[in-house]
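Asker: Pasting the sequence and the predicted model now:
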Amino acid sequence: MCGINGIVSFKNPIDMNIIENMNSIIAHRGPDGKGTFNDRLICGLGHVRLSIIDVEGSKQPLCNENHTVWITFNGEIYNYKELREKLKGLGHRFQTHGDTETLVHLYEEYGTEMMNFLNGMFSFAIWDIDKKRLLLVRDRMGIKPLYYYEKQNFLIFSSEQKGILQHPAVSPEPNIQSLWNYFTFRSVPSPNTLYNGINKLQPGHYLIFNKDGAVVKRYWDIPIYNHIKKNRNLSKLVEDTESILIKSIKRRLISDVPLGAFLSGGIDSSLIVAIMSHLIDEPVKTYSVGFKDFPDTETGYAKIVADQYKTDHHELLISENDFLENIEKLTFLRDSPLSEPADIPLHLLSKLASEKVKILLSGEGSDELFAGYPKYGADFLSPCISKLPVFITDALINSTDTKYRKMQIAIKSLSESDQLKRWPLWFSPFNDQEKLRLLINRNFNYQDGANAFFSSYNLDSSLRSFLFFDCKIWLPDNLLDRGDKMTMGASIEGRVPFLDHEMVEWAFCLPDNLKIYRLRRKIVIKEISKKYLPKTIINRKKAGFVVPLSQWFRGKLRDYCYDMISEKNLPEDIISIEYARSILDEHVSGKKNYFLQIWTLLGLALWHNTCISNRNRFVQ
């Protein structure tokens, strides 16, 4: 697990000092080593390394035998040993024992078809000296990030946006269209970012750059058109799902360094810890986080699983002060607003874990594959609720006490009959009218792009549509992005067994009734868990990772919010400061529960302050 950087220029010679600066700014991703390569100042590659496999070897950038193919690679290829043996049989000779060199020889053998052979999480760049061609690749689900800036005969890429911003040709300016999308999705859907000119390579895509410019192509997509296994024996489908999950977890135990697992007390992380305990001979190192003086902490549930499997368990309790001390530097670390309050606890827990391990497995992705969120179960009510007159649904929303915020969201969402419009309402902090009041600069498209993004897909059920949308946008651009940045910021590699592409392909072939039936959700995972976990864990209410922001924004964080959500941190020519402050006023007074709206505005203010106005503040 590492950080990668690079520049290709067919116009002006590359300054390799910029590559060095790019390495330095993302050094947290790879504290175990760094390296550079340049090809006659046409192409420069950079790399910082977190040693996981072949610790002493596999230094990067790495090349083939005749030095004509060079790679800088971030990630893990779990099936590299099998690929290595296959390539040896085809005559390829290896100098190292890791997975990086496997990619070089795979490219020599198969070119851009190489991605079809890979099982893993990855982003990498290959420079082909003979063809004068750069190949950028991102894994199928978007577990590892990859950003790029392209203009005429010039391209820059990096694992983090701050790497690209080290080049003097790139200035940090906000993208107005992306601000509109940020207020909808709490993150910016690929291929865009909050910065003008900086793009994300989308999951399951590759980019080729040569003298003719950049071409982006898709090599894999979620298989929504696969045959649904409707007539298969349900118990056999559960058994097969368990087998795929065990195989996926086994793959993610490949390591030459110590590893452990996040343990939240929810069913997904608990199931992973349980299966890990059956697969390894020593106690699993487990890590959970909670909040001081807050009764809804999940650490008690995590302790139940830890005790059952006698794990080497570690707990971290954090407070408002921990948030205040870390929120600004973690915004800079992420290069974007902290879209989820859980970003900060995740990073602090990763720092604690880094004292003993370099790898942590997590349960990310299970909810999006197997329908874990309450919205999936409630969505069938939309055809009825959407037929109610607007004045009735508005009255229901307005008469619902603010402490039942989720009920208000459900009514608002289910009253929308158009599925593409309904989907973002479940997590959007602002509606269209509120976004128009917030954004003074109107030089952008008022549409969120969901219709255009999904117009070519014809999904055969409402549930499959929701799962697909979440896997395409919510998961990679929000949850996986924060997972990568917050763990790598602590020099920890996060692995996600549920997002093995074989598991994703399998999950989208399962019938809906193995995910939701009446009021039960995530049925197949709960059936598997009966072999491993107590009923207390299996049947507990879905809680998510609850951070007590509603109270904190009326308490110790109140003055901080007023200070940050102001004209000194938000550009007055873009954002209505008056309207933003009125939202904060209503929350502090107790009239409304606007913690999500405040978190979104606070995140934007922090991003503008730390990544644009004062972006050198956290540079070492």
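Answerer: Nice, I can see it. Computed from a predicted structure; not experimentally measured. Numbering: from 1, shown residues only.
Asker: In the protein, where is pLDDT below threshold?
Answerer: Within the chain, the set of residues satisfying pLDDT under 70 comprises 1, 53-57, 225-226, 231, 294-297, 401-403, 444-456, 458-460, 543-546, 616-620.
Asker: So which residue is dead centre in it?
Answerer: Against the mean C-alpha coordinate of the chain, by CA atoms, centre = their mean, the closest residue is residue 480 at 1.3 Å.
Asker: secondary structure class for it?
Answerer: Using DSSP: H, G, I helix; E, B strand; the rest coil, the structure places residue 480 in helix.
Asker: That one against residue 143, yeah?
Answerer: Yes. Counting by CB atoms under 8 Å, residue 143 is a contact partner of residue 480 at 5.5 Å. For every residue, glycine as well, the C-beta is placed using N, CA and C.
Asker: Find residues that contact each of the two.
Answerer: Residues touching both residue 480 and residue 143 (CB atoms under 8 Å, 6 or more residues apart in numbering) are 496, 499.
Asker: quick revisit: please name the residues that touch the residue nearest to the centre of the chain.
Answerer: 141, 142, 143, 364, 496, 499.
Asker: swap in residue 370?
Answerer: Going by CB under 8 Å, 6+ apart, the list of residues near residue 370 reads 507, 515, 522, 523, 524, 525.
Asker: likewise residue 428?
Answerer: Counting by CB under 8 Å, 6+ apart, residue 428 has contacts 183, 184, 185, 186.
Asker: picking up where we left off before, could you dump the contacts of residue 370 into TSV with distance to residue 21 added?
Answerer: Converted to TSV, the contacts of residue 370 look like this (distance: CB to CB, whole Å):
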residue	distance to residue 21
507	42
515	47
522	46
523	51
524	48
525	45
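Asker: Could you identify the most distant pair in these?
Answerer: Across the contacts of residue 370, the longest distance by CB to CB is 12.3 Å; it joins 507 and 523.
Asker: of these two, who's got more company?
Answerer: residue 507 (25 against 20; other CB atoms under 10 Å).
Asker: and the contacts of residue 428, which are buried?
Answerer: For these, a burial check counting by 16 or more other CB atoms under 10 Å picks out 183, 184, 185, 186.
Asker: Restricted to helices, list the residues you listed.
Answerer: 183, 184, 185 (DSSP state H).
Asker: Tell me how many other residues surround the nearest residue to residue 413 once chain neighbours are set aside.
Answerer: Spatial nearest neighbour of residue 413, excluding adjacent residues (CB to CB, 6 or more residues apart in numbering): residue 425 at 4.1 Å. Residue 425 has 17 neighbouring residues, counting by other CB under 10 Å.
Asker: Over to residue 517?
Answerer: With other CB under 10 Å as criterion, residue 517 counts 11.
Asker: Quick check: bridge partners of it?
Answerer: Beta-bridge partners for residue 517, by DSSP bridges, are residue 520.
Asker: circling back to that earlier point, tell me the one of the contacts of residue 370 nearest residue 567?
Answerer: Nearest member of those to residue 567, counting by CB to CB, is residue 522, at 45.6 Å.
Asker: my guess is that closest one meets residue 368, correct?
Answerer: No. Between residue 522 and residue 368 there is no contact under CB under 8 Å: 10.7 Å.
Asker: I figured residue 116 hits residue 219, correct?
Answerer: Yes. Assessed by CB under 8 Å, residue 116 is found in contact with residue 219 at 6.8 Å.
Asker: What is the end-to-end distance of stretch 117-133?
Answerer: Start to finish, the residues bounding stretch 117-133 are 21 Å apart (CA to CA, to the nearest Å).
Asker: Enumerate the positions of it that are buried.
Answerer: 117-129, 133.
Asker: same deal with stretch 526-535?
Answerer: 526, 527, 528, 529, 532, 533.
Asker: Give the pairing partners of the strand or helix carrying residue 209; include direction for each.
Answerer: Taking DSSP states H and E as the criterion, residue 209 maps to strand 205-210. Sheet pairing of strand 205-210 (DSSP bridges) gives strand 133-138 (antiparallel), strand 213-218 (antiparallel).
Asker: Columns distance to residue 199 on top of the ones you listed, output as JSON lines?
Answerer: Formatted as JSON lines, these follow (distance: least, CB to CB, whole Å):
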{"stretch": "strand 133-138", "distance to residue 199": "11"}
{"stretch": "strand 213-218", "distance to residue 199": "9"}
